[in-house]
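> Need a 3D model of the sequence below.
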Amino acid sequence: HDASILSFDIEIIAPYQLHAMDCIGLCTSPEKAICIPFFYPRQLNFTNYFGSLEKQLNVFNALKSLLESDVPKVAQNSKFDIAQLQAHYGIKTRNLTWDTLLAQHNLYVELPKDLGTLIYMYTDLEYQKQLIRTGQVKDRWVYCAADAVANIHIMQGQYKEMKEYDVLDHFLTITMPAVEPLIEMELAGFPRPYTQDKILHG
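Sure thing, here's the model as predicted:
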């Protein structure tokens, strides 16, 4: 809660229809990150990492308190992570300050915006995508934490370029404030004025 910035990244167990977050990476500086696991993703019975629902609930409540705090947040493609957290876990992330994907769109609309590209453009880090394919649970956790670290490094590089190209104010005052209402619209959906029966039979 005392951090000046908090980067976060979630991993979802496939198939995605399960909406099961098996771990989350949290990072508060370019050198400091953790991964909190909730389930063992490679086991069909989705074993609880903490051994009991009570312990797991305590961790979820602490995570909820942190993500709903005033600490500025940064994420890559935040709409996905925030919508998942809110829709399936009741965690309403507050004070999202920076989305590295959206920042890239503001800077270079014609370029790719995936995390691997951004790591290559703005950091000296090695992209850890291969770790998620090893089948080893610990590798998956390292990958999750590494993504959270990468977000902060990327944000620092993007911040410098946005100031140089004079688009920082637009990004912070126009682009980022639009994220929350767009997520709310996506989660709420929209009413259907006509049912199929009315369309077919007037």
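
> where's F8, which helix or strand?
strand 6-12 (DSSP states H and E).

> Please name the strands paired to that strand in the sheet, noting orientation.
strand 21-29 (antiparallel), strand 73-75 (parallel) (DSSP bridges).

> ok, A150 - contacts?
Q76, L115, L118, I119, T123, L125, Y127 (C-beta atoms under 8 Å, 6 or more residues apart in numbering). Every residue, glycine included, has its C-beta placed from N, CA and C.

> Surely H1 touches L66?
Yes - the criterion here is C-beta atoms under 8 Å, and H1 meets it with L66 at 6.7 Å.

> about what we covered before: which residues are in contact with the strand holding F8?
18-28, 33, 41, 66-67, 71-76, 81, 84-85, 93, 132, 140, 143-144, 147-149, 151-152, 155.

> And stretch 171-179, by the same measure?
Outside stretch 171-179, the residues touching it (C-beta under 8 Å, 6+ apart) are S78, K79, I82, L96, T97, W98, D99, L102, A103, H105, N106, M162.

> Most widely separated two among those residues?
Spanning the widest gap among the contacts of stretch 171-179 are I82 and M162, at 21.8 Å by C-beta to C-beta.

> Just want to know which of those two has more residues nearby.
I82 (26 against 18; other C-beta atoms under 10 Å).

> I'd assumed the more buried one was in a helix, is it?
Yes - assessed by DSSP: H, G, I helix; E, B strand; the rest coil, I82 belongs to a helix.

> hang on, the earlier thing: in helices, which of the contacts of stretch 171-179 appear?
Applying DSSP state H to those, the entries found in helices are S78, K79, I82, L102, A103, H105, N106, M162.

> Please consider this matter closed, and thank you.
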